[in-house]
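Visitor: Dropping the sequence and predicted coords here.
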Amino acid sequence: MYEFKTSGTCSSKIHFDMRDGKIYSLTFDDGCDGNLKALGALVEGMDAGEIVKKLKGLTCGRKKTSCADQLAKAIEQHK
């Protein structure tokens, strides 16, 4: 299980497994519970590179990042 400390978001950490370039068991500590559970369900088994392409650069409100953007950064760091 990989753990990533987020920055600039309501969530504080991201946890996931990566096997054969695909993401599994994605969870977030803190943040918008329903939305982050949905994000986990949507990316389950998805190619890590595709996730990065789709989520990198997304922002939340006036913030310069988002939980989705932080996930993209976590995946890039893990690779």
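Guide: Right, received. Where do you want to start?

Visitor: Setting the sequence-adjacent residues aside, check what's closest to His15.
Guide: Distances taken as CB to CB, 6 or more residues apart in numbering place Thr27 nearest to His15, at 4.9 Å, with adjacent residues excluded. Using the backbone N, CA and C atoms, a C-beta is placed for each residue, glycine as well.

Visitor: Now for that neighbour: which residues touch it?
Guide: Ile14, His15, Phe16, Leu36, Gly40 (CB atoms under 8 Å, 6 or more residues apart in numbering).

Visitor: how about the second one, secondary structure?
Guide: Following DSSP: H, G, I helix; E, B strand; the rest coil, His15 is assigned to strand.

Visitor: what's near enough to touch it?
Guide: By CB under 8 Å, 6+ apart, the residues touching His15 are Met1, Tyr2, Glu3, Phe4, Ser25, Leu26, Thr27, Phe28, Asp29.

Visitor: hey, what's it bridged with?
Guide: Assessed by DSSP bridges, His15 has beta-bridge partners Glu3, Thr27.
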